[in-house]
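J.: return atomic coordinates for the entry below.
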Amino acid sequence: MSIPKVVISLLFLDLVVAVKQPNIVLMLADDMGWGDVPWHGAPTIAPTMMRLAQSGVILDQHYVQPICTPTRSAMMTGKYPSRLGMQHFVIEPDTPWGLPLNEKILPSYMKELGYSVHGIGKWHLGMCSYDYTPTKRGFDSFYGLYNGAGDYYTKTMNARTAKEGGFDFRYNTLGSDGKVRDEVLWSANGTYSTDLYNEKTRQVIQEHDESKPLFLYLAMQNPHSPAQVPSRFYEMYEGVEKDKTRRTLLAMVSALDSTVKTAVDSLKEKGLWENTVFVFFSDNGGGLMRNHFIGQINWPLRGGKATYWEGGIRSASFVHSPLIRGGTVNSELMHVTDWLPTLTHIAACGVEPSRCKGPTFGDIDGVNQWSAIAGMGKSSRSEILVNYDQKFFNAAIRIGKWKLFEGFPGPGQWVPPPDVNYAKYMEHLSKCKTGGKEFEVEEEEEEHRLVMSKGSWKNLIKRIRLFDVESDPYEKYDVSKDNPGVVKMMLRRLKSHKDKAVPLGNKPSDPNANPKNFGGVWMPWLDTC
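T.: Numbering: from 1, shown residues only. Below is the predicted model of the structure:
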């Protein structure tokens, strides 16, 4: 006898109701290096992060994209940026493009699953029209900046067509008419942004309606440039760090830790902490090039932000929850695209093992990693497309222990901490041995100068490098000539990803975006874009 459809629906509803949905806090640091966190040996004073990481699950092989916008795009959609047109550089304030509107993203899924969904901090996924802004993409509210950076005190940012800059700090909700209620917060001028985020984090948690689970997205500015921090954090490093640049950077990470503490303490005060999953990672490695560097260190990893080297894409990350066993280091391969299927799974099915499948997706690149994170299984991921950028004529892919570069991957310098003697540092690197030929740093630096002087990355499109990142995590030895079969296999897999790539979405600057047209504020300036 068949069961009536109405009964099937009621049975499904009972199943959903029976699941204890966890509160979820997803927190991103901005441009924080592998060597900027205390659980990787840095002298950073960040006691709350350190405690959560050490008693949680440290994600040792968690990969992100080389730079801000692509990482956020991948996290929100579960897709590699090259399939979205988001693979090249970032969204500038005066450029009319953003994360494609036909993509359903993480906050929309969370809202459908019954969550209250709030965003605090940095958006950086488009603002040319209101359709691209957070509350039109699933958030109930958003507090912070639309763009990718800004002065921590004045809340201003400039652009190619607006050298004088514009103000960017607001609070958004969505009206019953479907229009964004965009309140520009001039009162924020003069207050350190992180202090404002802390205050808003506390308010959102305190005012949360406990009849629903909470999804809180904390996309912090720290420790992105400019190098600014209140004296109370800088003074914490008296006698700890002498180098002023490095000291300021570490103080900015301490300020970030104050947000972690605010969130945790507020959740405990509200009685929500015991049913919360807290996810933390950096959107890319620390910037080492002149226009990015403010003291970050990715040591002992090679390279930094905007490169395909490990220092640019291997993220300092952890998951903490009273709901799972902690005190572990997880070395399973994981990519930022995995957060969409992973977080929606526990939102729909809870954290305990079950036959529940969670939401279904179309053709995404992310995989559900919850079993691996919670120590109940292995990761099903063995491959990561690092990136494919048609404009820079470069690409990179990791499969198992192998990592292949095609074209120029960006500057590959190592930057040791200021207190490390360089000779001792090189001795440390020499302990990493493989059977391959060492790739000369001098040769790579000359290559970078060639690229910059010629102004074209196409010059090096045929250059292939191969590294065994398990035995050579510092990427010292190019072993491509010793493993032609591996190179051939990886180029074949890389081609399959290239075949799925779409053209770059980047658009040229539009002078109509100039804040002077909107009272000195960065505002959506188009009806459609």
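J.: show me where pLDDT drops low in the stretch 1-150 of the chain?
T.: Residues of the stretch 1-150 of the chain that meet the criterion pLDDT under 70 lie in 1-18.
J.: just give me how far stretch 127-142 sits from the chain centre.
T.: Its chain's C-alpha centre and that of stretch 127-142 lie 19 Å apart, by C-alpha atoms, centre = their mean, to the nearest Å.
J.: quick one: the strands in the stretch 201-350 of the chain?
T.: Under the criterion DSSP state E, counting those that start in this stretch, the stretch 201-350 of the chain carries strands at the ranges 214-219, 276-282, 317-320, 328-330, 334-335.
J.: turn these into a markdown table, columns for mean pLDDT.
T.: Formatted as a markdown table, the strands of the stretch 201-350 of the chain follow (pLDDT from 0 to 100):
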| stretch | mean pLDDT |
| --- | --- |
| strand 214-219 | 99 |
| strand 276-282 | 98 |
| strand 317-320 | 98 |
| strand 328-330 | 97 |
| strand 334-335 | 98 |
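J.: count the residues that sit near Glu309.
T.: Actually, residue 309 is Trp. It isn't Glu. Neighbourhood size, Trp309 [other C-beta atoms under 10 Å]: 29. Placement of C-beta: from N, CA and C, glycine included.
J.: deepest-packed of the strands of the stretch 201-350 of the chain, please.
T.: Highest mean neighbour count of the strands of the stretch 201-350 of the chain: strand 334-335, a mean of 28 (counted as mean count of other C-beta atoms under 10 Å).
J.: quick check: buried residues in stretch 326-342?
T.: 326, 330, 332-342 (16 or more other C-beta atoms under 10 Å).
J.: tell me where the stretch 351-500 of the chain has helices.
T.: 370-373, 422-430, 441-454, 484-498 (DSSP state H, counting those that start in this stretch).
J.: list the contacts of the nearest residue to Leu174 once chain neighbours are set aside.
T.: Closest residue to Leu174 apart from its sequence neighbours, by C-beta to C-beta, 6 or more residues apart in numbering: Thr135 at 4.3 Å. By C-beta atoms under 8 Å, 6 or more residues apart in numbering, the contact set of Thr135 is Ser141, Phe142, Asn172, Thr173, Leu174, Val180, Arg181.
J.: Thr135 belongs to a helix, doesn't it?
T.: Yes: looking at Thr135 with DSSP: H, G, I helix; E, B strand; the rest coil, it is inside a helix.
J.: next one: it from Tyr143, what distance?
T.: Distance, Thr135 to Tyr143, by C-beta to C-beta, to the nearest Å: 11 Å.
J.: now do the shared contacts for the two.
T.: By C-beta under 8 Å, 6+ apart, Thr135 and Tyr143 have these common neighbours: Asn172.
J.: sorry, back to before: show the buried residues in the contacts of Thr135.
T.: Those of the contacts of Thr135 that meet the buried threshold are Ser141, Phe142, Asn172, Leu174, Val180, by 16+ other C-beta under 10 Å.
J.: so the second one, which state does it fall into?
T.: Here Phe142 is recorded as strand under three-state DSSP.
J.: three-state assignment of the residue nearest to Thr173 when sequence neighbours are not counted?
T.: Excluding the flanking residues, the one nearest Thr173 by C-beta to C-beta, 6+ apart is Arg181, at 4.7 Å. At Arg181, secondary structure determined by three-state DSSP is strand.
J.: I figured Arg181 hits Gly175, correct?
T.: Yes: Arg181 is within contact range of Gly175, at 5.3 Å (criterion: C-beta atoms under 8 Å).
J.: hmm, who's touching the one helix or strand Asp195 maps to?
T.: Using DSSP states H and E, Asp195 sits in helix 193-206. For helix 193-206, contacts defined as C-beta under 8 Å, 6+ apart pick out 118, 120-121, 141, 143-144, 150, 152-153, 155, 169, 188, 214, 216, 218, 220-222, 230, 255-256, 258-259, 262-263, 266-267, 269-270, 272.
J.: need the pLDDT of Asp243.
T.: On pLDDT, Asp243 comes in at 89.
J.: do I have it right that it meets Ile297?
T.: No: under the criterion of C-beta under 8 Å, Asp243 is not in contact with Ile297, lying 10.6 Å apart.
J.: between these two, point out the one with more neighbours.
T.: Applying other C-beta under 10 Å to Asp243 and Ile297 shows that Ile297 carries more neighbours, namely 27 against 14.
J.: Gln413 is in contact with that one, correct?
T.: No: in this structure Ile297 lies outside contact range of Gln413 using C-beta under 8 Å: 11.4 Å.
J.: flag every buried residue along the helix holding Asp195.
T.: Ser193, Thr194, Asp195, Leu196, Tyr197, Asn198, Lys200, Thr201, Arg202, Val204, Ile205.
J.: how far away is the first one from Glu164?
T.: Taking C-beta to C-beta as the criterion, Ser193 is separated from Glu164 by 20 Å.
J.: also the last one?
T.: Ile205 sits at a distance of 37 Å from Glu164 (criterion: C-beta to C-beta).
J.: what do you get for the fifth one?
T.: According to C-beta to C-beta, Tyr197 stands 26 Å off from Glu164.
J.: ok, the third one next?
T.: The spacing between Asp195 and Glu164, counted by C-beta to C-beta, is 26 Å.
J.: and the angle for the helix of greatest length in the chain with strand 214-219?
T.: Ranked by number of residues, the top helix in the chain under DSSP state H is helix 244-270. When axes from the mean of the first three to the mean of the last three C-alpha atoms, to 10 degrees is applied, the directions of helix 244-270 and strand 214-219 differ by 170 degrees.
J.: so which residues of the stretch 1-150 of the chain form helices?
T.: Using DSSP H, counting those that start in this stretch, helices in the stretch 1-150 of the chain cover 5-18, 47-54, 68-77, 106-112.
J.: thought Tyr234 was touching Thr248?
T.: Yes: the criterion here is C-beta under 8 Å, and Tyr234 meets it with Thr248 at 6.5 Å.
J.: what do the two both touch?
T.: Counting by C-beta under 8 Å, 6+ apart, nothing touches both Tyr234 and Thr248.
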